[in-house]
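Enquirer: take this sequence and fold it.
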Amino acid sequence: MKPSQSLNSPDRIAMNCFELISRSPEQTQRFGVRIGKLALLGDIFLLVGSLGTGKTCLTQGIAWGLNIKEYTLSPSFVIMRELYGRLPLYHIDLYRLDHIEEIEELGLDEYLYGNGVCVVEWAEKGLSALPTEHLLIQISYLSDTERSFQIKPSGKRYSEILAQLKERAE
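Expert: Have a look, this model is predicted:
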């Protein structure tokens, strides 16, 4: 693989999308750390990808970027976990939910519009019930060790995060 196709260099940069390739779980975590360090109160990161693509691994890095020392586990069976560091992290997992009504009935608004940072795994299951302004991260399986991350901002704040991620990748 070409060096330009790693997390250290983007393999494609566009105005409204940024694509990175991770070659290992550790690179995925380092990318998450960069996101976590940029995160501010109220930020929402929506993670989309099939089982085993690295959503929880990325969230672990985001937690580390927020100076959270606790190990980040997937909250699939409890739906949401709160972790505390520089800012609270609300780690939400919609995997077990099959209907938008179930998601709407969870009462996640206090977290989504609250005093922390939200990371939502399996966000594709509830996009219509989630805030319209967010950073969407689509993770795709490329091989046993490689993943593609397509980052798409929705809203001014998230365009700013994208610009900062691009700067650091160049």
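
Enquirer: okay, and for this structure, where does confidence drop off?
Expert: Residues of the chain meeting the criterion pLDDT under 70: 1-15, 73, 75-78, 98-107, 169-170.

Enquirer: pull the contacting residues for residue 40.
Expert: Going by CB atoms under 8 Å, 6 or more residues apart in numbering, residue 40 touches 87, 117, 157. (C-beta placed from N, C-alpha, C; glycine too.)

Enquirer: return the subset of those residues lying in helices.
Expert: Within the contacts of residue 40, residues falling in helices by DSSP state H are residue 157.

Enquirer: and the contacts of residue 40, which of them are buried?
Expert: Buried members of those, scored by 16 or more other CB atoms under 10 Å, are 87, 117, 157.

Enquirer: out of the residues you listed, who's nearest residue 128?
Expert: Nearest to residue 128 among the buried ones among the contacts of residue 40: residue 157, at 20.6 Å, using CB to CB.

Enquirer: my guess is that closest one contacts residue 43. True?
Expert: Yes: counting by CB atoms under 8 Å, residue 157 touches residue 43, with 7.1 Å between them.

Enquirer: would you list the contacts of residue 40 in CSV and tack on distance to residue 25?
Expert: Below are the contacts of residue 40 laid out as CSV (distance: CB to CB, whole Å):
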residue, distance to residue 25
87, 24
117, 21
157, 28
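
Enquirer: closest to residue 27 among the contacts of residue 40?
Expert: Each of these was scored against residue 27 by CB to CB, and residue 117 proved nearest at 21.4 Å.

Enquirer: residues contacting stretch 41-56, please?
Expert: For stretch 41-56, contacts defined as CB under 8 Å, 6+ apart pick out 22, 25, 28, 35, 39, 58-59, 62, 72-74, 87, 112-124, 127, 130-131, 133-141, 147, 157, 161.
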